[in-house]
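Undergrad: for reference, the sequence and a predicted model appear below.
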Amino acid sequence: MDTVALTIDNTKIEVPAGTSILDAARRANVYIPTLCAHPDLPPYRRAEGVARVYQGKELGYEWTPGPPEKVGCSLCFVEIDGAGARKSCITAAEAGMVVKTETPEVAGRRKTNLARILATHPHVCLTCAQ
C-alpha cells in the first residue's frame, strides 16, 4: 500500500494514501476538535437535523433545522501551507503537506462555526434524547 509523508504541527507522520488529515492527526496524537466526526462512521457530508426530540412520550421541543448548505460541524478546520484553511475530515493527506492546527485564522473559523451551531441549538442537553 502506498503511503504519504506529511507534517502536522511540526510532527512528521507517514500514513496510507487516501487518509484524511483528521485521521492522520489522530495517528500522530494531534488534537483537532470535531463534533460530527466519529472514527467508525464515514465523513459527514449532508444530512438533515432532527426536528423533534421526545422526552419519553412527550414532545420535548421542535425547531426548524438550519440551512442544508451548512454541512457538518466545520470545527475541524486546519491551515495547509500553500492551500489555506480546509476541513480536515474531508481533505486527504498529501505527500509533503504541512498542516497547522492552531493559527489565528483556524481559531477564528472554529469560533464562528461553533457560534453558528449553538445559536440554533436547543439548550436542553441534560435531557436530550439524542
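TA: Noted; the coordinates are in hand. Numbering: from 1, shown residues only.

Undergrad: and the top helix by length along the chain, what's buried?
TA: With DSSP state H setting the assignment, residue counts place helix 104-119 as the longest helix in the chain. Within helix 104-119, the residues that count as buried by 16 or more other C-beta atoms under 10 Å are 106, 109-110, 113, 117. The way it works is simple: take the backbone N, C-alpha and C, and place the C-beta from them, glycine included.

Undergrad: in JSON lines, list the residues you listed along with distance to residue 19 and pLDDT.
TA: Formatted as JSON lines, those follow (distance: C-beta to C-beta, whole Å; pLDDT from 0 to 100):
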{"residue": "106", "distance to residue 19": "20", "pLDDT": "95"}
{"residue": "109", "distance to residue 19": "22", "pLDDT": "92"}
{"residue": "110", "distance to residue 19": "22", "pLDDT": "93"}
{"residue": "113", "distance to residue 19": "23", "pLDDT": "87"}
{"residue": "117", "distance to residue 19": "26", "pLDDT": "79"}
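
Undergrad: right, and out of those, which lies closest to residue 27?
TA: residue 106 (19.7 Å; C-beta to C-beta).

Undergrad: thanks a lot, see you next time.
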